[in-house]
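Undergrad: prediction below, plus the sequence it came from.
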Number of protein chains: 2
Amino acid sequence: MIDKNTVAKEFRTIQDEICRGLEIEDGMATFSEDAWSHAHGGGGRTRVITGGNVIEKGGVNFSAVEGELPAFMKDKVSAEATRFFATGVSIVIHPFSPLVPIIHMNIRYFETNAGDSWFGGGIDLTPVYVNDEQAQYFHIEMKNVCDRYSLEFYPRFKAWADDYFFITHRNETRGIGGIFFDYLRPTEVLAKEELFHFVADVGRTFLKAYLPIVATNKALPFSQQNKQWQLLRRGRYVEFNLVYDRGTRFGLETGGRIESILMSLPEHASWLYNHVPSEGSKEEATQRKLKKGIDWVTPQKVQ
Amino acid sequence: MIDKNTVAKEFRTIQDEICRGLEIEDGMATFSEDAWSHAHGGGGRTRVITGGNVIEKGGVNFSAVEGELPAFMKDKVSAEATRFFATGVSIVIHPFSPLVPIIHMNIRYFETNAGDSWFGGGIDLTPVYVNDEQAQYFHIEMKNVCDRYSLEFYPRFKAWADDYFFITHRNETRGIGGIFFDYLRPTEVLAKEELFHFVADVGRTFLKAYLPIVATNKALPFSQQNKQWQLLRRGRYVEFNLVYDRGTRFGLETGGRIESILMSLPEHASWLYNHVPSEGSKEEATQRKLKKGIDWVTPQKVQ
């Protein structure tokens, strides 16, 4: 029987595994932890890594909180529900090198006292410079973890990520997407236990999908121009998180722990007026790929 | 008779005056202009200054647009209204030196085709380090322009600025405030013509309130620590503008010209995890003053 404690325990284990894996790849910095408790019950472990060999600023956060169901959630659950429990792991990694992509992952579980429960989550990659091969590798990893549970998952969750990680006012995606899913409830085909295994598997795919890309790119030389482009892309990341990201806005509006929520923001970001990459540049090549609907898994369609 | 063309013409003149005044004080950089037109009618002149002696990045924007009344405005106007006209000048200046405050100004006029019209606007100052004397000078200028039209204006608009320029999730004000007002309609005491003169006078108070502070501080030496604190304060400025600012969110949601709207963001900003100014530091002294309800005009209450 998968209950909330089983899920929270597994999520904590995944947090531990990911922190260890990132520390080894970074090779210098280690995570420091802030344990905190929520005003309405529960708490979390915010783990932060800064000033590393690879990672400029990153967070791997676990939380398990409970409380009264917020008003805006009420249309999503049965009428009898009055309280909720939510647990999750949230990650954002901002590497120092513009050649190492920003990555975000989230896995979460939600239940009400009326017996309703669901999973959500996703992983998405934001390269400062899109490398088609690495994008393909990343998406194949996403597809693989999905395919182990349902062949319908990857096409659905890939499109969902394209739609979710979209900066409407810029008419561009945040990066190359990945997978995103929410309100994943048991069906006749997939029991709650299988959904739990799927979500935990997504969590365990994080290192497998990300570390080879980090390892390949982390020592490559880069220019000041590369760095400036990175700061501008991070500016877009800030725009997405503050304007659109549901988790961020939910946290800001419900009085969550601000430092854990805004951990997702980079140490340095930049905005230039009306910056347009020069024609034929690598920056322009990346800009052209920040759109929905690209089939990253099948290379001929990437070109 | 004050019609929309009278207001727009005066606003354009104010834009010209302010750009000239800022260029002289900067002493090096000049504004470049992008004239643009709005999909639904009208247009604007976005003026940007970057890389100056004093100003790292600044915008002084004029716009005059018209179109169909957006759905969310309908409860603010008479039921017969179907179209709107809006004109305004918007300014954000991000100086290079952490000792020169960030400043924001907006004056605006709005009317519908059903004969309803109102003015709005304000000026607020965001010092990276609060200097009580300069804060007093700034607020006295705000009080003076208000008092020339109504003794009720300053107390009301000062409190409104405290409430408006508030970063709820940080529980702090953006800076030392100033004045903010909206939906200013003619009354028995103040005719539309007087409100027009008031708003234009607010526009003309901008240089008078800001330039002496710039002139006093612009050549003062500063440290790396000052610069870092500035980048963090700018991060808060980004948070305010993307999460709360009505003009920004209105623009993003209604398909305004993105580069003109996000001109308000600084060239460089920074976020550190859980940064707390050290006890007894100048940064901590400023942090303690980022709250509502401070009487900046009367010095003994500032201390």
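TA: All right, it came through fine.
Undergrad: which residue is the nearest non-sequential neighbour of A:R236?
TA: Leaving out its chain neighbours, the residue that sits closest to A:R236 by CB to CB, 6 or more residues apart in numbering or on different chains is A:I167, at 6.0 Å. Bear in mind the C-beta positions are built from the backbone N, C-alpha and C, glycine included.
Undergrad: typo on my end, it should be A:V238
TA: The nearest residue in space to A:V238 (CB to CB, 6+ apart) is A:A269, at 5.2 Å.
Undergrad: and the residue nearest to A:R236, how far is that from A:Y237?
TA: 9 Å (CB to CB, to the nearest Å).
Undergrad: common neighbours of the two, please.
TA: Taking CB atoms under 8 Å, 6 or more residues apart in numbering or on different chains as the criterion, A:I167 and A:Y237 both touch A:R174.
Undergrad: which one of the two has more residues nearby?
TA: Legend: neighbour count by other CB atoms under 10 Å in any protein chain shown for A:I167 and A:Y237, higher for A:Y237 (23 against 18).
Undergrad: which residues touch the residue of the stretch 101-250 of chain A at minimum distance from chain B?
TA: Per CB to the nearest CB, A:L242 is where the stretch 101-250 of chain A lies closest to chain B, at 3.9 Å. For A:L242, the contact set (CB under 8 Å, 6+ apart) comprises A:T248, B:V238, B:E239, B:L242, B:V243.
Undergrad: give me phi/psi at it?
TA: phi -80, psi -30 (degrees, to the nearest 10).
Undergrad: next: A:E284.
TA: Torsion angles, degrees, to the nearest 10, at A:E284: phi -70, psi -40.
Undergrad: list the contacts for it?
TA: Counting by CB under 8 Å, 6+ apart, A:E284 touches A:P277, A:S278.
Undergrad: again, only this time at 6 Å
TA: By CB atoms under 6 Å, 6 or more residues apart in numbering or on different chains, the residues touching A:E284 are A:P277.
Undergrad: so for it, what's the pLDDT?
TA: pLDDT for A:E284: 98.
Undergrad: gap between it and A:D295?
TA: 21 Å.
Undergrad: before we move on, what about A:D75?
TA: 35 Å.
Undergrad: where do the strands of the stretch 51-200 of chain A begin and end?
TA: With DSSP state E, counting those that start in this stretch as the criterion, the stretch 51-200 of chain A has strands at A:55-68, A:83-95, A:102-112, A:117-126, A:166-167, A:172-173, A:177-184.
Undergrad: which residue is most remote from the mean position of chain A?
TA: A:E80 (31.8 Å; CA atoms, centre = their mean).
Undergrad: with adjacent residues omitted, what lies nearest to it?
TA: In space, A:E80 is closest to A:A114, 4.2 Å off (CB to CB, 6+ apart).
Undergrad: which elements pack onto the helix or strand hosting A:R45?
TA: Secondary-structure element containing A:R45, defined by DSSP states H and E: strand A:42-50. Counting by 3 or more CB pairs under 6 Å, 6 or more residues apart in numbering or on different chains; DSSP states H and E, the packing neighbours recorded for strand A:42-50 are strand A:32-37, strand A:55-68.
Undergrad: buried ones in the longest one?
TA: Spelled out, it's strand A:55-68. For strand A:55-68, burial by neighbour count (16 or more other CB atoms under 10 Å in any protein chain shown) applies to A:I55, A:E56, A:K57, A:G58, A:G59, A:V60, A:N61, A:F62, A:S63, A:A64, A:V65, A:E66.
Undergrad: rewinding a little: which one of the contacts of A:L242 is nearest A:A200?
TA: A:T248 (24.0 Å; CB to CB).
Undergrad: in a strand, that closest one, correct?
TA: No - counting by DSSP: H, G, I helix; E, B strand; the rest coil, A:T248 falls outside a strand, being helix.
Undergrad: separation between it and B:D16?
TA: Taking CB to CB, one finds A:T248 at 40 Å from B:D16.
Undergrad: out of those two, which sits in the busier spot?
TA: Each of A:T248 and B:D16 has its neighbours counted (other CB under 10 Å); A:T248 has more, 21 against 15.
Undergrad: residue contacts, the more buried one?
TA: Per CB under 6 Å, 6+ apart, neighbours of A:T248: A:N241, A:I261.
Undergrad: make it 10 Å
TA: Going by CB atoms under 10 Å, 6 or more residues apart in numbering or on different chains, A:T248 touches A:S90, A:F240, A:N241, A:L242, A:G256, A:I261, A:L262, A:S264, A:L265, B:H169, B:V243.
Undergrad: and A:V92, by the same measure?
TA: A:57-61, A:102-106, A:126, A:237, A:241, A:263-266.
Undergrad: for the nearest residue to A:E33 once chain neighbours are set aside, the count of nearby residues, please.
TA: Distances taken as CB to CB, 6+ apart put A:R47 closest to A:E33, at 5.0 Å, once the chain neighbours are dropped. Applying other CB under 10 Å, we find 24 residues neighbouring A:R47.
Undergrad: next: A:E194.
TA: Residues lying near A:E194 (other CB under 10 Å) number 16.
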